[in-house]
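Enquirer: Below: sequence and its predicted model.
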There are 4 protein chains.
Amino acid sequence: MKPNLRRRLTAEFFGTLLLVATVVGSGIMAERLANGNVALALLANTIATGATLVALILTFGPISGAHFNPVVSVADALEGGLPLSETLVYVLAQIAGGIGGTLLAHIMFSLPYVSLSRHVRSGPSQFVSEVAATFGLLCVIWGCSRSRSNVVPFAVGSYITAAYWFTASTSFANPAVTIARGLSDTFAGIRPIDVPLFIAAQFAGGIAATLLFRWLVPSLPSTAKDVLVPHTDK
Amino acid sequence: MKPNLRRRLTAEFFGTLLLVATVVGSGIMAERLANGNVALALLANTIATGATLVALILTFGPISGAHFNPVVSVADALEGGLPLSETLVYVLAQIAGGIGGTLLAHIMFSLPYVSLSRHVRSGPSQFVSEVAATFGLLCVIWGCSRSRSNVVPFAVGSYITAAYWFTASTSFANPAVTIARGLSDTFAGIRPIDVPLFIAAQFAGGIAATLLFRWLVPSLPSTAKDVLVPHTDK
Amino acid sequence: MKPNLRRRLTAEFFGTLLLVATVVGSGIMAERLANGNVALALLANTIATGATLVALILTFGPISGAHFNPVVSVADALEGGLPLSETLVYVLAQIAGGIGGTLLAHIMFSLPYVSLSRHVRSGPSQFVSEVAATFGLLCVIWGCSRSRSNVVPFAVGSYITAAYWFTASTSFANPAVTIARGLSDTFAGIRPIDVPLFIAAQFAGGIAATLLFRWLVPSLPSTAKDVLVPHTDK
Amino acid sequence: MKPNLRRRLTAEFFGTLLLVATVVGSGIMAERLANGNVALALLANTIATGATLVALILTFGPISGAHFNPVVSVADALEGGLPLSETLVYVLAQIAGGIGGTLLAHIMFSLPYVSLSRHVRSGPSQFVSEVAATFGLLCVIWGCSRSRSNVVPFAVGSYITAAYWFTASTSFANPAVTIARGLSDTFAGIRPIDVPLFIAAQFAGGIAATLLFRWLVPSLPSTAKDVLVPHTDK
């Protein structure tokens, strides 16, 4: 039996909140301690983010599916998993959670609640990076969720660990997280004016991967209902 | 059949001992080798701590539930898992084990058996960090233990790996470990006078998460008996 | 039921593409950020590569077997797994995917599409390293795939993480990846003239391991059909 | 059906060889690249060692039990697992494999085949560290192998990752590996004159843990036959 919608939205809210708190918070901590060594700061930021994804998807997956990401919710809806009526509120819960995560990180590190980022992330190199990052992420999710949902947490955590380094954008790959990072003038921030193109690139990459897997695995839509919406017997 | 109480307490003692020996010992080693690069020292400290949690929870989980943490034991008791009469002795075994871990680390690194830490960790930023760190930890434990206790070791190890970086306090999240670290004037130490507020914050965060999951997963209390007290068929 | 050959080749193409994009892309990112600290750059490159292997083998394994490597496909064919008629096209898909990965990485980091590497990697030390690296890789694959195909992704990711450091060549261990890295004058590159000897060493090591395991595990050939060609019930 | 003794000894030989090649080889690579930053070199050495243990135990476990360590074989014999007649040859295969690993690492890095280490590792601090390191290792092996042999590779890899940092000796915890490291005047080396005390400490710690778990888990001896000698149905 699936948990009711309020419980699932609460899970999406807290999961995305803790995810963004990790991304932003570990970026602040890493930059403060790294004495200008950006590779070391990004390595710490990477390890924290990959690890938190494993923990949070294991924790909230049985309740809400642990999307934490509007591209995932929309792709799941496209495949007939999440009903369209629930998709919008999933996305709203994710965005609210993401902003909550920035707030929490700033409070923990004694910063103003919100600060508009001045970190420039624009240009074709960044756009292509976000397309590729989100394309890969949705490949991983569709490829694993079908027959082996218990490995999704490890696959997604591993993928993002890699994607922080192999893309020029450090792989945001998530519109809710991108919006939240726009509100943090810290290591992980992004200039608000650069956010829309990131989001467009993310949806483009995510939908391309979804179409690819619809062809690669013809049985995918028929099982989508079971795999991304709460994927355990709860 | 559940192991008898003496065996379970012995498991809690040795598990917490090895956990604290890792936290304190790897902090000493890391600081000695890192030539003042705190980010690098914390990264080594983090990787050692996350890895030891995976190993120790896998090792002692089937015997005692591998709490190693008074907040976990108390939360488990609140949900009807651990009997109240056993909770106090669990906590005592954890505190004794933690102090033993500091002793062992100091002996291995040729330091005085005990040294009161002078590492200041106070203020609202630290308090909020410990609330958040322990809130997240108990979310992870309750979220995973229900239907998938075999992933708890990986989820907790991953979570603490992240929490070392996303909180301003480096996420103690454990009163027994906090007390033990008060007795070590090294990298991982905490001034004894700062200990009580850390412990208060940890219980606040842990109980908040427990209440949240009581609502999120209504079936939790009825299964708590099986999940946190020795969670295998032994 | 096994996916048809076009689907499997597509999976090999995209999997190898994302693998090489990670190897080359994370090398570029790491070198740019590491300020000349090669150990730190290689550590980031290692963690990204090991993590991506976990994610990609989990993702594409159920479709194509997730070889991404001509030595693996040839060894599988030798054991009677992959039909000889399919082996050649597997290899071609892998080589094409690898070159695509270099292209993608270069585009993401605003570099010319292709650049011949000037990174010298020759001499007996490099040759022995590649023999050993690929010998170990095929040991891991044959040792794990037999009875526990679900651990192959973790075993291979872990092995390559180690092999980047324990061999003098940083363990290419893959002819398709070697060719693709010949086209990238960046951190992960290899001078095209050094490529043939690398490939010879890789096949030598891989075939030696295959012969060893044919003796170690007499039942191996009879099960090869099931283990390396799509290893789930899809 | 258990593989015959020759196959099992071959597995012990190659497993220990690749383990030592990783420990010694990654130490050489790390020291060469780290420009005197010992913390960074040890971190790379740690990650390579932990990862190789995961891969090698998964690979050779189903054949020989993947001991790679005389303390493990002797402890297993004490519990009635490995017959005494086989224990000696297991140990010999491990020592031979370890020396082979040093040779291979030296050849890969263009060093003399063997070189007596001048790295001083003596004194009570080192002795206590090796007792603690091997005590912890055998706790992990006995605690996990009983009911969940499939997690042993991950538990041991994680434990050694932590133990490299929490002990003052960087946790050799293995007589065969200790002897092999005596023959390498590189980062991972140990002065041959210091080897005997290391081995004594390792057996002391390992036997103490075995006795502890004999009491903690009364059913252990009766199942030892199945858990450490090839632990799958092959």
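Expert: Structure's in. What do you need?

Enquirer: The longest helix seen in chain A vs chain D: in contact?
Expert: Assignment by DSSP state H gives helix A:5-33 as the longest helix of chain A. No - using C-beta under 8 Å from any C-beta of the partner chain, helix A:5-33 never reaches chain D; the gap is at least 13.2 Å. Any C-beta I mention is one placed from the backbone N, CA and C, and that applies to glycine too.

Enquirer: tell me which strands and helices that helix is in contact with?
Expert: helix A:38-64, helix A:84-108, helix A:175-182, helix B:38-64, helix B:124-145, helix B:152-166, helix B:195-216 (3 or more C-beta pairs under 8 Å, 6 or more residues apart in numbering or on different chains; DSSP states H and E).

Enquirer: could you redo the last one with a cut-off of 6 Å?
Expert: Here helix A:5-33 touches helix A:38-64, helix A:84-108, helix A:175-182, helix B:152-166, going by 3 or more C-beta pairs under 6 Å, 6 or more residues apart in numbering or on different chains; DSSP states H and E.

Enquirer: Between these, which one is closest to chain C.
Expert: helix A:38-64 (3.8 Å; C-beta to the nearest C-beta).

Enquirer: Give me the three-state assignment for the residue lying farthest from the centre of chain A.
Expert: Going by C-alpha atoms, centre = their mean, the residue of chain A most distant from its centre is A:Asn35, 28.2 Å out. For A:Asn35, the assignment made with DSSP: H, G, I helix; E, B strand; the rest coil gives coil.

Enquirer: Skip the chain neighbours and tell me the closest residue to A:Ser110.
Expert: B:Ser125 (4.6 Å; C-beta to C-beta, 6 or more residues apart in numbering or on different chains).

Enquirer: same thing with A:Ser169?
Expert: A:Ser169's closest residue in space is A:Ser129 (C-beta to C-beta, 6+ apart), at 3.9 Å.

Enquirer: Could you count how many residues lie near the one you found?
Expert: Applying other C-beta atoms under 10 Å in any protein chain shown, we find 29 residues neighbouring A:Ser129.

Enquirer: hang on, the earlier thing: how about the longest helix of chain A: buried residues?
Expert: Residues of helix A:5-33 classed as buried: A:7-31, A:33 (neighbour count, 16 or more other C-beta atoms under 10 Å in any protein chain shown).

Enquirer: try stretch A:113-129
Expert: Of the residues in stretch A:113-129, those buried (16+ other C-beta under 10 Å) are A:117, A:121, A:125-129.

Enquirer: any low-confidence regions in chain A?
Expert: Residue ranges of chain A with pLDDT under 70: A:146-147, A:221-234.

Enquirer: switch the cut-off to 50
Expert: Chain A contains residues with pLDDT under 50 at A:229-234.

Enquirer: where does it come near chain B, residue by residue?
Expert: A:7, A:18, A:21-22, A:25-26, A:29, A:33-34, A:40, A:44, A:48, A:51-52, A:54-55, A:58-59, A:62-63, A:107-110, A:232, A:234 (C-beta under 6 Å from any C-beta of the partner chain).

Enquirer: Skipping its backbone neighbours, what lies nearest A:Leu56 in space?
Expert: Closest to A:Leu56 by C-beta to C-beta, 6+ apart is A:Gly15, at 5.0 Å.

Enquirer: A:His67 too?
Expert: Looking at A:His67 with C-beta to C-beta, 6+ apart, the closest residue is A:Ser73, at 4.9 Å.

Enquirer: what's the neighbour count on the one you found?
Expert: By other C-beta under 10 Å, the burial measure for A:Ser73, its neighbour count, is 27.

Enquirer: can you tell me the helix or strand for it?
Expert: helix A:70-78 (DSSP states H and E).

Enquirer: That helix: which residues count as buried?
Expert: For helix A:70-78, by 16+ other C-beta under 10 Å, it's A:70-78.

Enquirer: same thing with stretch A:31-51?
Expert: A:31, A:33-34, A:37-51.

Enquirer: do you know how far A:Thr87 is from A:Asp76?
Expert: 8 Å (C-beta to C-beta, to the nearest Å).

Enquirer: so who does the nearest residue to A:Phe203 once chain neighbours are set aside touch?
Expert: Among residues not flanking A:Phe203 along the chain, A:Val71 sits closest, at 5.9 Å (C-beta to C-beta, 6+ apart). Contact partners of A:Val71, counting by C-beta atoms under 6 Å, 6 or more residues apart in numbering or on different chains, are A:134, A:202-203, A:206.

Enquirer: Of these, which is the most crowded?
Expert: Neighbour counts for the contacts of A:Val71 peak at A:Thr134, which has 32 neighbours (criterion: other C-beta under 10 Å).

Enquirer: So what's the residue count around the residue lying closest to it once chain neighbours are set aside?
Expert: Nearest residue to A:Thr134, sequence neighbours excluded (C-beta to C-beta, 6+ apart): A:Gly205, at 3.5 Å. Counted with other C-beta under 10 Å, residues neighbouring A:Gly205 total 24.

Enquirer: distance of A:Gly205 from chain D?
Expert: In this view, A:Gly205 and chain D are 30 Å apart by C-beta to the nearest C-beta, to the nearest Å.
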